[in-house]
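Novice: I need the structure of the sequence given here:
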Amino acid sequence: MLLATTSAAGDDAAQQQQLPTDAYFEEYGSLYDHIGMLQDHERMGAYHDAIKLNAKRHFEGKVVLDVGTGTGVLSIWAAQAGAKKVYAIEATNVATHAERLVAAHGFSDVITVLKGRMEQIELPEKVDVLLSEWMGYFLLREAMVNSVIDARDQYLKPGGVMYPSSARLLISSMEEAGFVEARLADAQDAMAGWEELSVSLKSRYGLEMEALKGAYEAENMDYAINQAWQGAVAPHATFGEPQVLLDVDMGTVTKADLFGWRRRLRIPEASASSAVRLLCGWFDVRFCASGSEQGGDREARAGAGDPSCVELTTSPTAAYTHWAHTTFVLEPPLRTPELTVGLTHSLRSHHDLNVTIGYEDAGAPVSASYAITAEFRTSDRSLQEEQGREENPAYDEAPPYAYDD
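Specialist: Predicted coordinates for the structure are as follows:
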């Protein structure tokens, strides 16, 4: 393993943008943090199949850059596909494990593991393929895609290919019996704990805590409603017509395309007689041998069943992945089809997201802001679990994912 070398110019450039933080890298700093990704066979299978399917065209005799290699699995598959050189970049101490795994597969002469931040690394040559598993919750949480775009602009040869080659972010209405009630029950449970604490503090120390009750209740309601719920939706949930928030070609997309946008959408299921209380978000990415996915060409290939394309989807109607799904509670419910959705970096953490949803209720504007963080929740479903089992015997087949992305 080599420690990345940096230049003064590289350091100056890095200071002009927001680099991944140490706190972010701590999310992936041990083998334990990678187990969930290695267990996700939808994720693993899509990358493996895409590389194997396009080995001759894209990897044989080529130079490959793997951004955020983790345990080095993608780099190993690239080498197995015939790559003549692979640069595997990893900023955490897992780089040591990647180097060990590379050696165990006999590719130490092909794969060079570089420990450091992508933005501060200097490669000795341009590359033919940029390979990365950069996706986070709601596609963009973590903002690792920024590092991928920087690496693409600096090191990818003209005509080089991106893996994945395209990405979409989607949202739809959702119905899941008991979901909202369970969120509210969380807040009520927290307040019950507050009451117990208040009684204890008064009897022991003569403290009157009533003055803080309202603020604590507001915090808990904000967490229950305005914190996007990241987890696997229940099998009995149903979904409306998917609406596309983003559809980007990874060969040409810019950071400005991905962050700081606002979209106007229609949720056709919403009406005065059929209010929508939940929205669900997810993403998909594709690996296509033809590279560019501009305009209708992407849909044409998909419709024709192009054998060079492999899709990885986190749709709630598809097989579960470790990314699961992002759920937003609308309070008040949406009773008209029109709404706006916006996305920015969180002000608290560059790696987290802030999603805003705006609509009208009885002629009055409603604007809600939702945080998307590293938190993954699957165990706080006391109310809907009981109702879900009664309505759907398959409820207990929900996935076992209970770890962070």
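Novice: C-alpha from now on. contacts and neighbour counts both.
Specialist: Will do.
Novice: shaky segments in this structure?
Specialist: 1-29, 289-307, 378-405 (pLDDT under 70).
Novice: repeat that for 50
Specialist: 5-16, 291-304, 379-389, 392-405 (pLDDT under 50).
Novice: quickly list the domain ranges of it.
Specialist: 2-133, 168-292+325-405 (automatic domain parsing).
Novice: centre of the chain versus the shortest one, how much separation?
Specialist: Taking the mean of its C-alpha atoms, domain 2-133 sits 18 Å from the chain's own mean (CA atoms, centre = their mean, to the nearest Å).
Novice: now swap in stretch 207-223 and tell me
Specialist: That offset, for stretch 207-223, works out to 32 Å (CA atoms, centre = their mean).
Novice: give me the contact list for it.
Specialist: L184, D186, A187, A190, M191, W194, S198, L201, K202 (CA atoms under 8 Å, 6 or more residues apart in numbering).
Novice: residues of that stretch that come out buried?
Specialist: E217, N220, M221, Y223 (16 or more other CA atoms under 10 Å).
Novice: out of the contacts of stretch 207-223, which are inside helices?
Specialist: Of the contacts of stretch 207-223, the ones assigned to helices by DSSP state H are L184, D186, A187, A190, M191, W194, S198, L201, K202.
Novice: measure the first one to I35 for me?
Specialist: As for L184, its distance to I35 is 32 Å (criterion: CA to CA, to the nearest Å).
Novice: E60 too?
Specialist: For E60, the distance to I35 - CA to CA - is 29 Å.
Novice: these two: which is more packed in?
Specialist: Taking other CA atoms under 10 Å, E60 and I35 do not tie; E60 has more neighbours (17 against 12).
Novice: show me how far the longest strand anywhere in the chain is from its chain's centre.
Specialist: Longest strand in the chain by number of residues (criterion: DSSP state E): strand 276-288. Centroid displacement of strand 276-288 relative to its chain, using CA atoms, centre = their mean, is 10 Å.
Novice: who does it pair up with?
Specialist: Using DSSP bridges, the strands paired with strand 276-288 are strand 166-175 (antiparallel), strand 309-313 (antiparallel), strand 325-334 (antiparallel).
Novice: closest one to E269 among these?
Specialist: Evaluated with CA to CA, the strands paired with strand 276-288 place strand 166-175 nearest to E269, the distance being 7.1 Å.
Novice: filter the contacts of stretch 207-223 down to the buried ones, ChimeraX style.
Specialist: The buried residues among those can be selected in ChimeraX (16+ other CA under 10 Å) with this line:
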select :184,186,187,191,194,198
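Novice: which of the contacts of stretch 207-223 sits closest to G45?
Specialist: D186 (36.7 Å).
Novice: what sits closest to the closest one if chain neighbours are left out?
Specialist: A224 (6.9 Å; CA to CA, 6 or more residues apart in numbering).
Novice: surely the one you found is within a helix?
Specialist: Yes: under DSSP: H, G, I helix; E, B strand; the rest coil, A224 falls within a helix.
Novice: that one against A187, yeah?
Specialist: Yes: with contact defined as CA atoms under 8 Å, A224 and A187 form a contacting pair (6.4 Å).
Novice: can you list the residue ranges for strands in the stretch 301-405 of the chain?
Specialist: Assigned by DSSP state E, counting those that start in this stretch, the strands in the stretch 301-405 of the chain fall at 309-313, 325-334, 338-345, 353-361, 364-372.
Novice: wait, which of those strands is closest to S274?
Specialist: With distances scored as CA to CA, the stretch of these nearest to S274 is strand 325-334 (8.7 Å).
Novice: run through who's touching that closest one.
Specialist: Contacts of strand 325-334 (CA under 8 Å, 6+ apart): 137-138, 180, 225-233, 270-271, 275-282, 314-316, 359-361, 370.
Novice: check stretch 265-274 too.
Specialist: 172-173, 240-241, 243, 275-276, 334-341.
Novice: write the ChimeraX selection for whichever of those residues are buried.
Specialist: Of the contacts of stretch 265-274, the buried ones can be selected in ChimeraX as follows, counting by 16+ other CA under 10 Å:
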select :172,173,240,243,275,276,334,335,336,337,338,339,341
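Novice: that'll do, ta.
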